[in-house]
Structure formats: C-alpha cells, structure tokens
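Trainee: need a structure here:
(chains A and B)
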Number of protein chains: 2
Amino acid sequence: MVKPRPIRVSGELELIERIRRRVSGSASAGLRLGIGDDCALLRPRPGDELAITTDLSIAGRHFRLDWHPAETVGHRALARGLSDLAAMGARPLAAFVSLGLPKELTTARIAWIDGFYEGLLALAQEFKCPLAGGDLSESPLAIADIVLVGTVKRGRALLRSGAKPGDLLYVTGTLGGAAAGLARLGTLEKQARNSRSARITPRLMEELAPHLSPQPRIAQGLWLAGRRAATAAIDLSDGLSTDLAHLCVESGVAAEVDEAALPIHAAATLDQALHGGEDYELLFTAPPKTRVPRAIAGVPVTRIGQIVRRRAGRPQVVLISPDGSRPLEPRGWQHFC
Amino acid sequence: MVKPRPIRVSGELELIERIRRRVSGSASAGLRLGIGDDCALLRPRPGDELAITTDLSIAGRHFRLDWHPAETVGHRALARGLSDLAAMGARPLAAFVSLGLPKELTTARIAWIDGFYEGLLALAQEFKCPLAGGDLSESPLAIADIVLVGTVKRGRALLRSGAKPGDLLYVTGTLGGAAAGLARLGTLEKQARNSRSARITPRLMEELAPHLSPQPRIAQGLWLAGRRAATAAIDLSDGLSTDLAHLCVESGVAAEVDEAALPIHAAATLDQALHGGEDYELLFTAPPKTRVPRAIAGVPVTRIGQIVRRRAGRPQVVLISPDGSRPLEPRGWQHFC
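Mentor: Numbering: from 1, shown residues only, chains lettered A, B, ... in the order given. Below is the predicted model of the structure:
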C-alpha cells in the first residue's frame, strides 16, 4: 500500500497525502477501501470472477525520462495493464501502482511525480478505474509496476487457449502505429542532437499518438466477452508475430495471416505492423458462422487470416502474400534500448 | 502476467516455462487460471471481500545481493505482502510477483532466480497461497514487486481506523529481532572484510532468523477478524514507533506505551524494539472487556499500552517508563543502506 516508509525525503508524508487527496474523488461501488490502510478492500459482485495482471515499466527499457513526458509514462503504464484486462473481456475495477523513483523526481522535480499521476489518473478516470493503492519507494532507477484488477462474468473470460482450426482471425484498429511513433521519436532526438528543432505539427502529433497515448480496447473486449463472440483473444503488446505465436501455442493450433488484409497504420511499414509492439489492439478468433461487425464501439475490426491445424514440421504461423507464403517468425518487442 | 516479452536472453521461454511448471502444483479452489494468459482469474466465494496490497523490494534498499541469499529475498518479499494481509485479517488467495533482474541473475547465475522462487514458493505453500502470475523484465537493478490478494468476510476486515480511547494495545511475538538480526549481518560483513570468518552456530542462526525469515501472522489476523476481537490493527513493517503513529492518525486517537511491558527480542535493544522495522508482528487494539488470550495460534500476545484521546499540543504517542514519560517520535524503518 502507499506508505511513507521508503522515501526518506522531507515532505514524504505530504507526497502520500497529495496522492491520496487527488485519488479520493475516484471511488466506485466495487472499491470499499482505498489508499491508507495495510490493504485496499474490493467488493466484487456475486458471480463475478476477478482478472488480475501486473506489468513492470522500467526506465531505459520501457520508457526514457528524456523522451517521455511524465504524463505519458503514467498513461502508458496504466494502458498496458488495462489492455491485459481488455484481452480477457474484463471490466476495470481498481488499479494499484508500485513506484520506485530517484529522489530528484519526488523533490527537486516534484512536477515529475505529479505529471505521472496526472497521466495515469486521467486514463483511469476515462475507464472508471479508481487507483486503490500501491507502494512508493526511493530507487536509483525509475520503475513503475502497475496492477490491474477487473471483473468478468463467471466463465465468460476471453482466454488465449480457445482458438480452433477453422476459426477466423481478427484484429481491432491499425497495426504498427506505436512502432512508427517510437521510430519518429528517435528521428526527433537525432535532429535535436544536430540542433535542429522539429516543428510540432498536427501531423507530427498524429504520428506520435499511437506510441505516447495508446488506447486500451476495453469496450471491444467487453463486447466480445458479453456476446461470447470470440473463441480466443490476446492483446498486441509484443507485436503481431509474437502475440499470435503465443495464442497459437496456448490453443495448440497454427495460423495463416493474409498480408494484403493487414490494417497497417498510415505512418507504419509492413515490418512495424508485423513485429512492432505496444499497439495494444486486440487480436481474436471467432468461428466462421459468427457475425463479427466491421467496427466495435467505433473501432474498426479487420479479418486478417485464419486458424488452421498444427502440423509437425510446418511453421506455426504463415504469412500469405501475393508473392507466395513464408513463415512468420516471432520477432516482436522491438524496443528502444 | 509472466510473459517472455522483456527478458531478451537466450532461454527466456524456458525460464517462464520453469516458473510455470514449478508453480503448476499449487492450484487452489479460488484460482481458476494462473500463469500463461493475459490475466489470472480468481473466483472468490460469494460474500467475501478482497484485500489487495503491493510491496516493492529494491536491491540496495530492501535487500542486498551480497548479504541476502536469493531464497531469503524471495521469502522476505512474499512475507511483506502476507503480513499486510494478516493485518487486515485476510486469508491469502493468490500472489503475483513482478521481477526485474540484471541479465546475469537469469543466465550465468540462473541459480539466483531459482533460489528466489524457491524461497518465495516455500513460504507461499506454507500459507496455501498459489503464485498466480506476474511480470518478468531485464533490469539494470534487481527489483521485486509483490502483490498479495486475500479474502475476508464482508465487513470483517481489521482496519487501522477503528481504535477508540480506552482500548488496550497489544502486540504479537517479540520486537526488535529483525533489526538486531540486520545489525548482526553488518557485524558479520565487517568481520569478513577483516578476513575473519564467523562460526555458523545455532545461536547465530537464531539471531539472524527474525531478519532473514520473518513469519507473517496470518493465523493471528484470522483469529482476531473471525472473533471481531480487535478494533484496529496494523503490521509492524516500519517499526513500532512509526506504525503506531499511523494507527493513531487513521483512528484520530493517541496512545501510551508501557516500556516495561514491551516483549523485546532476546537479542535486541530497546531502541531496536521501538524503532526497528520488519518484525512483521501485529499491533492491534481491543476494548478492555474483550478477553485477549496470552497466545494466539502458538504466538504470544502482550498488552503494551492503551489508546487515549488525542489532545492538541500533546504528543500522539507517549512512552511511559519507570523514569517518567516522554514522547515517542516515529523513527522507524532503520534501513541498511
């Protein structure tokens, strides 16, 4: 829980109080007790199961203090956890964050920790997900571990393991946008190093948005779970090639992806769409007889391939293009460090 | 969730599989789905509330790779979380661990990560608390964020905020043992630096045990919550002086501690008993008419003072000794770095 224990700077108690005050408005029916005790207390509805996930973000690996504004680090940390809930078809109930921060980010640069919570809480509010607790510690390295708790009706969770040969393969939104945005950040850094400043144009913001402010597909996951429309689902955090391989392994199946059908983000390359991580779109399977709409809650849904039987000696995932087919090896999580 | 994403070393998938295999035997009625999907799924019993806590352990602050065997780091990380559940009177349902590790602790020294899980899972098994998931990432700094989920009957949780003037103040076990053990580790290091080796005697092991292998007071918390015996409770993670101050603030009361009554650990000083952290005993309050036994589930319970009305200008906690009384300032969490 958020305790004053580990940060030994003057003003530590005020820091906890600031967070507590800021969060106090975000109570919900399922949260009986938030920050301030040894544990938070949640009260799920009878018949609900709880979906729980943890995601670790580490400075230099998952974000860079010199590239990512604090608000963005908070937003992205929470988005990762919310996206895991989306992939289960779960509704957010509460979030927790364990934060380890160098002293200068909590005192001299108090704005940083404020910015982090600003970004995190704005997204939390959007998804009606109160921040219920966490831990706070001084640390030589900035790290944030996010914990998300969601609810899903008993037996309705979307699993990775339910895909069957013959099922069709779908994806929400577009692919590769986050990787393209990350690459753009790299270009901007090079320009800055050469003392050339980039103009912040609407087009630039549009290019960076998928990386800086990914949108978890909670509504789409709820739709799929609520209608029992999907046989399996996973979120695209590591990249299509890697996450589809996970889904195939857990389901004991293989898959064929139709290159021409891929909804590639306008700023992205094919490679970024296939292997770029952090798009946080949903990849799911559904039987051919299931009517899957072209959009769910305003987000396009695209059929990109199908599930086939796993055969020994054959690649688990095949990419079919106009030039023929080739194995699609998992080459996801292109990271920036 | 434990995903292969962040550790980019050869053998990363095997690592996840090792953890998964090791954990697979520890299913429980409340855990429907463990490691391997986007989220774990828990199924609490109707009428139960969920208690959730997160605790961050950082190398150099909460443990030292050169002092603490890997098993100890795993044990202590889980014990911190279990102790928070104990303080709420909750029964463990599932644990999650987000682990950030330097590459050499996962490959060259694969024994380290094995040892960590060895220590964590041994304690988890003792408390019937399956490891249900987590995250795994390469990190320049070793960190472990532990998440504990427990259940408590609706409305029965022990809170920090329920203490009333007139209540008596109790503590389980003995105080200062962990701080004394930590100090002993420091002495051993100095001896080692001077090339003098210490003999590992039964007495030495006994002195180190409260620091290296703290025992969360789950049974005692369950006893207190089950009988509605306590009006408030907190676990002694930061030291009596600091944790009692927390309890007083949350309850809006003050307290008097009777120095002569303190159950000081045989190896500890008064200062260690008052301010030394990590004893993980329970501090609780009960009305005078409540019969509190001298031991709960084999652990001694000692009355150490009482709750009084908070008065402006008076210290929140007073220590009463044969020589008179003095304010007991929160000086807890004496840490080793």
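Trainee: Is chain B within reach of the helix or strand of chain A with the lowest mean pLDDT?
Mentor: Of all helical and strand segments in chain A, the minimum by mean pLDDT, DSSP states H and E falls on helix A:12-23, at a mean of 72. No - judged by C-beta under 8 Å from any C-beta of the partner chain, helix A:12-23 makes no contact with chain B; its nearest approach is 9.4 Å. Every residue, glycine included, has its C-beta placed from N, CA and C.
Trainee: So which residues of the stretch 201-337 of chain A form strands?
Mentor: Remark: strands assigned in the stretch 201-337 of chain A by DSSP state E, counting those that start in this stretch are A:232-235, A:254-258, A:282-286, A:295-296, A:299-308, A:317-321, A:324-327.
Trainee: Could you count how many residues lie near residue A:103?
Mentor: Residue A:103 has 14 neighbours, counted by other C-beta atoms under 10 Å in any protein chain shown.
Trainee: Hmm, it is touching residue A:138, no?
Mentor: Yes - in this structure, residue A:103 is within contact of residue A:138 by C-beta atoms under 8 Å, at 5.8 Å.
Trainee: any idea how far residue B:58 is from residue A:243?
Mentor: 30 Å (C-beta to C-beta, to the nearest Å).
Trainee: do the same with residue A:36
Mentor: Applying C-beta to C-beta to residue A:36 and residue B:58 gives a distance of 23 Å.
Trainee: Please apply the same query to residue A:275.
Mentor: Following C-beta to C-beta, the distance that separates residue A:275 from residue B:58 is 32 Å.
Trainee: And residue A:140, by the same measure?
Mentor: For residue A:140, the distance to residue B:58 - C-beta to C-beta - is 8 Å.
Trainee: With residue A:42 instead?
Mentor: To residue B:58, residue A:42 is 27 Å away according to C-beta to C-beta.
Trainee: Residue A:164 and residue A:231 touch, don't they?
Mentor: Yes - with contact defined as C-beta under 8 Å, residue A:164 and residue A:231 form a contacting pair (6.0 Å).
Trainee: Between those two, which has more neighbouring residues?
Mentor: residue A:231 (22 against 14).
Trainee: does residue A:86 count as helix, strand or coil?
Mentor: When classified by DSSP: H, G, I helix; E, B strand; the rest coil, residue A:86 comes out as helix.
Trainee: Could you pull up the contacting residues of it?
Mentor: For residue A:86, the contact set (C-beta atoms under 8 Å, 6 or more residues apart in numbering or on different chains) comprises A:216, A:217, A:218, A:220, A:221, A:235, A:280, A:282.
Trainee: which among the residues you listed are in contact with chain B?
Mentor: Contacts with chain B within those, counted by C-beta under 8 Å from any C-beta: residue A:235.
Trainee: Neighbour count, distance to residue B:261 and pLDDT added to the contacts of residue A:86, as JSON lines?
Mentor: Output for the contacts of residue A:86, formatted as JSON lines (neighbours: other C-beta atoms under 10 Å in any protein chain shown; distance: C-beta to C-beta, whole Å; pLDDT from 0 to 100):
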{"residue": "A:216", "neighbour count": "26", "distance to residue B:261": "53", "pLDDT": "97"}
{"residue": "A:217", "neighbour count": "27", "distance to residue B:261": "58", "pLDDT": "98"}
{"residue": "A:218", "neighbour count": "24", "distance to residue B:261": "53", "pLDDT": "98"}
{"residue": "A:220", "neighbour count": "25", "distance to residue B:261": "60", "pLDDT": "98"}
{"residue": "A:221", "neighbour count": "33", "distance to residue B:261": "56", "pLDDT": "98"}
{"residue": "A:235", "neighbour count": "26", "distance to residue B:261": "55", "pLDDT": "97"}
{"residue": "A:280", "neighbour count": "24", "distance to residue B:261": "56", "pLDDT": "97"}
{"residue": "A:282", "neighbour count": "31", "distance to residue B:261": "60", "pLDDT": "98"}
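Trainee: any idea which of the contacts of residue A:86 is closest to residue A:209?
Mentor: Distance ranking of the contacts of residue A:86 against residue A:209, using C-beta to C-beta, places residue A:280 first at 12.3 Å.
Trainee: Could you tell me how far residue A:323 is located from chain B?
Mentor: Remark: distance between residue A:323 and chain B (C-beta to the nearest C-beta, to the nearest Å) = 30 Å.
Trainee: got it, and residue A:202?
Mentor: 32 Å.
Trainee: what residues are up against the spatially closest residue to residue A:304 that is not a sequence neighbour?
Mentor: Closest residue to residue A:304 apart from its sequence neighbours, by C-beta to C-beta, 6 or more residues apart in numbering or on different chains: residue A:261 at 4.9 Å. By C-beta under 8 Å, 6+ apart, the contact set of residue A:261 is A:302, A:303, A:304, A:305.
Trainee: What of residue A:92?
Mentor: A:82, A:85, A:127, A:128, A:129, A:148, A:149, A:150, A:218.
Trainee: Can you add distance to residue A:267 and give those back as JSON lines?
Mentor: Listed next are the contacts of residue A:92 as JSON lines, based on distance: C-beta to C-beta, whole Å:
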{"residue": "A:82", "distance to residue A:267": "24"}
{"residue": "A:85", "distance to residue A:267": "27"}
{"residue": "A:127", "distance to residue A:267": "26"}
{"residue": "A:128", "distance to residue A:267": "31"}
{"residue": "A:129", "distance to residue A:267": "29"}
{"residue": "A:148", "distance to residue A:267": "29"}
{"residue": "A:149", "distance to residue A:267": "34"}
{"residue": "A:150", "distance to residue A:267": "31"}
{"residue": "A:218", "distance to residue A:267": "25"}
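Trainee: ok, the residue lying closest to residue A:225 once chain neighbours are set aside - how many residues close by?
Mentor: Distances taken as C-beta to C-beta, 6+ apart place residue A:89 nearest to residue A:225, at 2.5 Å, with adjacent residues excluded. Neighbour count of residue A:89, defined by other C-beta under 10 Å: 31.
Trainee: which phi and psi does residue A:89 have?
Mentor: Main-chain dihedrals, residue A:89, degrees, to the nearest 10: phi 70, psi 30.
Trainee: contacting residues for it?
Mentor: Residues near residue A:89 by C-beta under 8 Å, 6+ apart: A:152, A:156, A:157, A:158, A:221, A:222, A:224, A:225, A:226, A:230, A:233.
Trainee: Tell me how many other residues crowd the closest residue to the third one other than its chain neighbours.
Mentor: Pointing back at residue A:157 there. Of all residues not flanking residue A:157 in the chain, residue A:88 sits nearest, at 4.8 Å (C-beta to C-beta, 6+ apart). For residue A:88, the neighbour count with other C-beta under 10 Å is 29.
Trainee: what residue ranges in the stretch 1-150 of chain A score low on pLDDT?
Mentor: Where the stretch 1-150 of chain A drops to pLDDT under 70, the residues are A:1-14, A:24-27, A:108-110.
Trainee: now the helices: where do they sit in it?
Mentor: Ranges of helices in the stretch 1-150 of chain A, per DSSP state H, counting those that start in this stretch, are A:12-23, A:70-88, A:110-126.
Trainee: most neighbours per residue, which of the ones you listed?
Mentor: Highest mean neighbour count of the helices of the stretch 1-150 of chain A: helix A:70-88, a mean of 27 (counted as mean count of other C-beta atoms under 10 Å in any protein chain shown).
Trainee: Thanks a lot, see you next time.
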